[in-house]
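Enquirer: What would the 3D arrangement of this be:
(4 chains)
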There are 2 protein chains.
Amino acid sequence: MSNLTQPPILVQIVDDHPMVQGGLKACLSFYDDIVIVGSTDDGSDALNKAIELKPDVILMDISMPTMNGIDATEIITEQLPETKVLILSMHSNPEFVKSAIQAGAVGYLLKDTTSEEIYYAIKAVANGKTHFSSSIAKLLLDNPVNTNESEKLTTREQVVLSYLAKGKTSKEIAKILNISFRTVEAHRRNMKTKLGIHSLAKLISYAVKHGIIKN
Amino acid sequence: MSNLTQPPILVQIVDDHPMVQGGLKACLSFYDDIVIVGSTDDGSDALNKAIELKPDVILMDISMPTMNGIDATEIITEQLPETKVLILSMHSNPEFVKSAIQAGAVGYLLKDTTSEEIYYAIKAVANGKTHFSSSIAKLLLDNPVNTNESEKLTTREQVVLSYLAKGKTSKEIAKILNISFRTVEAHRRNMKTKLGIHSLAKLISYAVKHGIIKN
DNA sequence: TTGTACCTAGGTATAACTACCTAGTCAAGT
DNA sequence: ACTTGACTAGGTAGTTATACCTAGGTACAA
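Expert: Next up, the predicted model:
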């Protein structure tokens, strides 16, 4: 299992179960393109370690003593945008998954995952992709998560956007919402400005990709 | 494992390996909301059996003696639109997966899948959803498959559509493709007509949802 | 050879969107 | 009390899209 044409991926482990830490280290030591550069057992320690070690990927548990993995993920992804956080949790609770993604996690694995899949997931997120366990992916299909991006839009803007994606014109939307069509146009303009988009088409692309549109 | 509030799901197995047939029957007999109503060892027999038995779900192998599973899937999904075909294959070859989906399969499982996942997948497709093994889903993320829907569009139309989704105007696209902007408008008009769509916004929604747009 | 589908291109008129600008009200938080 | 953000609304001008219409060339199959 070698891939020496690429520099190794630096991985930091954050998990309060010593057995999980040990198991992960043992499993991943098998792959020589991955190096475990540090492990901590709490979210608050994780940030300091991460700033020091600048890992490529952090394998993050959610339930931990003082600072949970979601909060830690939010801080780390903000402070170290280069570092990818991959959640490794026992729980497939939709709320946990949603929170993790909104906090900036780019993957979510369940702890019954095989070491091969963990290896694959680390490689994937290190390369800027995302990776979710199949049951999580299924869950996400049913309940698309509003990412941070889509939260930039206000409620009213999202309403207008959803009608736009259905092919309604400003005039039609104005009638539906009982407001002036100039207001609808103002919402459109504001959305485009805040998202850095200059056309309806790209706005719709954006909306569909980020799950703002329900149907 | 019972769910007697719902009628059982009728499942037909199409696989030329007796061991696989036996194994599937044994695994699935554990769940009393699934009934194996028949099994055949070739695609050509499968169609006749399917017309006779009207199963809810067909577990279909790909490699089979006279008629392969892809062709059988295409015929069955056309003749029996109510019947969902779930591919169960050893191969994760992207071409196989692509062909299967284009033939109308609504799921693709690898044969190393657990019986729990097969059970889940059967339930999912019977309820009108789709289900793919995680490695297949990963593959689909990287290589989105043009479904039958998107194949309604010609190559040129898809090119125009992809530029539209990037926010380009007809005039800009015309310049890029070295054609008249009236031609670009003609393509837009034709796409909308053949898809029954009356606005750019809805066209973009359609494109993104059906994976015509790459990025 | 006679369709049929596809790509191409134009005329004309209307409808819609976009880019600039200003500006009031209201609620929430500092 | 002050600011900030959200929602509202309008003026003006220019650009773009849409809805009708027609029509030639080419390739491929019935």
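Enquirer: Now do the buried residues in the longest helix seen in chain A.
Expert: For chain A, the longest helix by residue count, based on DSSP state H, is helix A:181-195. Of the residues in helix A:181-195, A:184, A:187, A:188, A:191, A:192, A:195 count as buried by neighbour count, 16 or more other CB atoms under 10 Å in any protein chain shown. Glycine gets a C-beta too; all of them are placed from N, C-alpha and C.
Enquirer: Show the contacting residues for the nearest residue in space to the fourth one that is not next to it in sequence.
Expert: Counting by CB to CB, 6 or more residues apart in numbering or on different chains, residue A:157 is the residue found nearest to residue A:191 once chain neighbours are left out, at 5.1 Å. When the contact criterion is CB atoms under 8 Å, 6 or more residues apart in numbering or on different chains, the partners of residue A:157 are A:187, A:190, A:191.
Enquirer: I'd like the distance between the second one and DNA strand D.
Expert: When distance is defined by CB to the nearest atom of the strand, to the nearest Å, residue A:190 is 7 Å away from DNA strand D.
Enquirer: So for that residue, what's the pLDDT?
Expert: Looking at residue A:190, its pLDDT is 87.
Enquirer: cool, the first one as well?
Expert: Reading off the confidence values, residue A:187 has pLDDT 91.
Enquirer: OK, contacts around it?
Expert: Residues in contact with residue A:187 (CB under 8 Å, 6+ apart) are A:156, A:157, A:160.
Enquirer: List, out of the residues you listed, those positioned next to DNA strand D.
Expert: Near DNA strand D, judged by CB under 7 Å from any atom of the strand, the entries from these are A:156, A:157.
Enquirer: What's the first helix or strand after the lowest-mean-pLDDT helix or strand in chain A?
Expert: Across the helices and strands of chain A, the lowest-confidence element by mean pLDDT, DSSP states H and E is helix A:148-151, at a mean of 50. Under the assignment DSSP states H and E, the closest C-terminal helix or strand after helix A:148-151 is helix A:155-165.
Enquirer: relative orientation of that following helix and helix A:181-195 in degrees?
Expert: Here helix A:155-165 points in a direction 100 degrees away from that of helix A:181-195 (axes from the mean of the first three to the mean of the last three CA atoms, to 10 degrees).
Enquirer: Could you give me the buried positions within helix A:155-165?
Expert: A:157, A:158, A:160, A:161, A:162, A:163, A:164, A:165.
Enquirer: could these go into TSV alongside pLDDT?
Expert: Below are those laid out as TSV (pLDDT from 0 to 100):
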residue	pLDDT
A:157	89
A:158	84
A:160	90
A:161	88
A:162	85
A:163	86
A:164	89
A:165	85
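Enquirer: Out of these, which comes closest to DNA strand C?
Expert: DNA strand C lies nearest to residue A:164 out of the buried residues of helix A:155-165, by CB to the nearest atom of the strand, at 7.1 Å.
Enquirer: Roughly how far does the closest one sit from residue A:189?
Expert: To residue A:189, residue A:164 is 12 Å away according to CB to CB, to the nearest Å.
Enquirer: pLDDT weak spots in chain A?
Expert: Within chain A, the segments meeting pLDDT under 70 span A:1-6, A:78, A:81, A:128, A:140-151, A:209-215.
Enquirer: What ranges does chain A have for its strands?
Expert: When assigned using DSSP state E, the strands of chain A occupy the ranges A:9-14, A:34-40, A:57-60, A:84-89, A:107-110, A:131-132.
Enquirer: Which secondary structure elements does the shortest one sit against?
Expert: Yep, that's strand A:131-132 we're talking about. Counting contacts by 3 or more CB pairs under 8 Å, 6 or more residues apart in numbering or on different chains; DSSP states H and E, strand A:131-132 packs against strand A:107-110, helix A:115-126.
Enquirer: How is chain A partitioned into domains?
Expert: A:9-142, A:148-209 (automatic domain parsing).
Enquirer: Which residues of chain A lie near DNA strand D?
Expert: Proximity of chain A to DNA strand D, by CB under 7 Å from any atom of the strand, involves residues A:154-157, A:174, A:177, A:179-180, A:182-183, A:186-187, A:190.
Enquirer: follow-up on the earlier one: tabulate the contacts of residue A:157 (CSV), appending distance to residue B:170.
Expert: Below are those laid out as CSV (distance: CB to CB, whole Å):
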residue, distance to residue B:170
A:187, 25
A:190, 26
A:191, 23
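Enquirer: Closest one to residue A:100 out of the residues you listed, please.
Expert: Proximity of the contacts of residue A:157 to residue A:100 (CB to CB) peaks at residue A:191, which lies at 26.6 Å.
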